[in-house]
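Chemist: compute the structure for the input listed below.
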Amino acid sequence: VHLVESGGGSVQPGGSLRLSCAASEFIYTAYCMGWFRQAPGKEREGVATIDSDGVTSYADTVKGRFTIFKDNANDTLYLQMNRMKPEDTAMYFCAASRYCYDRATDYPYWGQGTQVTVSS
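Modeler: Model (predicted):
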């Protein structure tokens, strides 16, 4: 299983970034996929998930600012991040599991991560 993230970078507070995660077709269509993040010295935390039926779930800290969605044409998962805050700074990871869970430890498949920095 290969999950490959891209799209990280630096942005000013209030700005936007879009992360991408390319996955094999089987994972993309049959599994729950999610975005997690980990800041230095902190545990990895869930950001958003989308299951195989397209049902989404968001952490309270990003609700209304971030959107998780899929592009079925190219088997790619996205995370659109708007109105970003310094506390969004972290390494962001794409993950997949047969079902959606809240804990990062329940996801067996992970990408390599992409760094997101929000700073003025």
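
Chemist: so how many other residues sit close to Ser52?
Modeler: 16 (other CB atoms under 10 Å). Backbone N, C-alpha and C define where each C-beta goes, glycine included.

Chemist: who's in contact with the most centrally placed residue in the chain?
Modeler: When CA atoms, centre = their mean is applied to the chain, the residue found nearest the centroid is Trp35 (2.3 Å). Taking CB atoms under 8 Å, 6 or more residues apart in numbering, we find Trp35 in contact with 19, 21, 46-49, 68, 77, 79, 92-95.

Chemist: and the strands in this protein?
Modeler: 3-6, 9-11, 17-23, 32-38, 45-50, 56-58, 66-71, 76-81, 90-97, 109-110, 114-118 (DSSP state E).

Chemist: mean confidence score for the last one?
Modeler: Right, the one you point to is strand 114-118. For strand 114-118, mean pLDDT rounds to 98.

Chemist: buried residues in that strand, which are they?
Modeler: 114, 116, 118 (16 or more other CB atoms under 10 Å).

Chemist: in CSV, list the C-alpha atoms belonging to the worst-scoring helix or strand of the chain on mean pLDDT.
Modeler: Of all the helices and strands that make up the chain, helix 25-30 has the lowest average by mean pLDDT, DSSP states H and E, namely a mean of 75. Provided in CSV are the C-alpha atoms of helix 25-30 (Å, rounded to 0.1, in the frame of the first residue of the first chain):
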residue,chain,number,x,y,z
GLU,A,25,-7.4,2.5,-6.4
PHE,A,26,-8.3,-0.3,-4.0
ILE,A,27,-7.5,1.7,-0.9
TYR,A,28,-9.0,4.8,-2.3
THR,A,29,-12.4,3.2,-3.0
ALA,A,30,-12.8,0.6,-0.2
